[in-house]
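A.B. asks: okay, sequence plus prediction incoming.
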Amino acid sequence: MRRAGTALLGAFRMIKQVVLVDEDVDIFDDSDVWWAMATRFQAGRDLIVNKNQQGFPLDPSQNPEFHNNLSAAGMTDKVVFDCTVPFELRNRFRRSEFGAVHQDLVNQLRGVN
């Protein structure tokens, strides 16, 4: 999975960040992606930084004047956030499921008789 993320950065100049998630994460739901980052990502292990890569010309931060570690204009640092669960730990990373709340309890909490 990590190889796919770094390959994607190399194949498309305009991509600077890739977030890798498992199939149980809805990639079209920002809160779901943030949930994966909050519960499955450890920066010391899961952050992959590719420094000084060819970027996209419309990004004004791609200039040595902005960041002195860049070798030339048009270069940028790119990153992969690996928010996937290691295969051997998948059984420990199941989402909690919440049961239905009985309507009487909902009414009681709302103060409705």
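C.D. replies: Here it is on my side, so go on.

A.B. asks: count the residues that sit near G10.
C.D. replies: The number of residues packed near G10 is 12, by other C-beta atoms under 10 Å. Backbone N, C-alpha and C define where each C-beta goes, glycine included.

A.B. asks: ok, what's across the strand from the closest residue to it other than its chain neighbours?
C.D. replies: Among residues not flanking G10 along the chain, Q53 sits closest, at 7.3 Å (C-beta to C-beta, 6 or more residues apart in numbering). Beta-bridge partners of Q53, counted by DSSP bridges, are T76.

A.B. asks: who's in contact with Q53?
C.D. replies: For Q53, the contact set (C-beta atoms under 8 Å, 6 or more residues apart in numbering) comprises 9-10, 75-78.

A.B. asks: now that we have those residues, which of them are buried?
C.D. replies: Buried residues within those, counting neighbours by 16 or more other C-beta atoms under 10 Å: 9, 75-78.

A.B. asks: before we move on, the earlier item: closest one of the contacts of Q53 to P60?
C.D. replies: T76 (10.7 Å; C-beta to C-beta).
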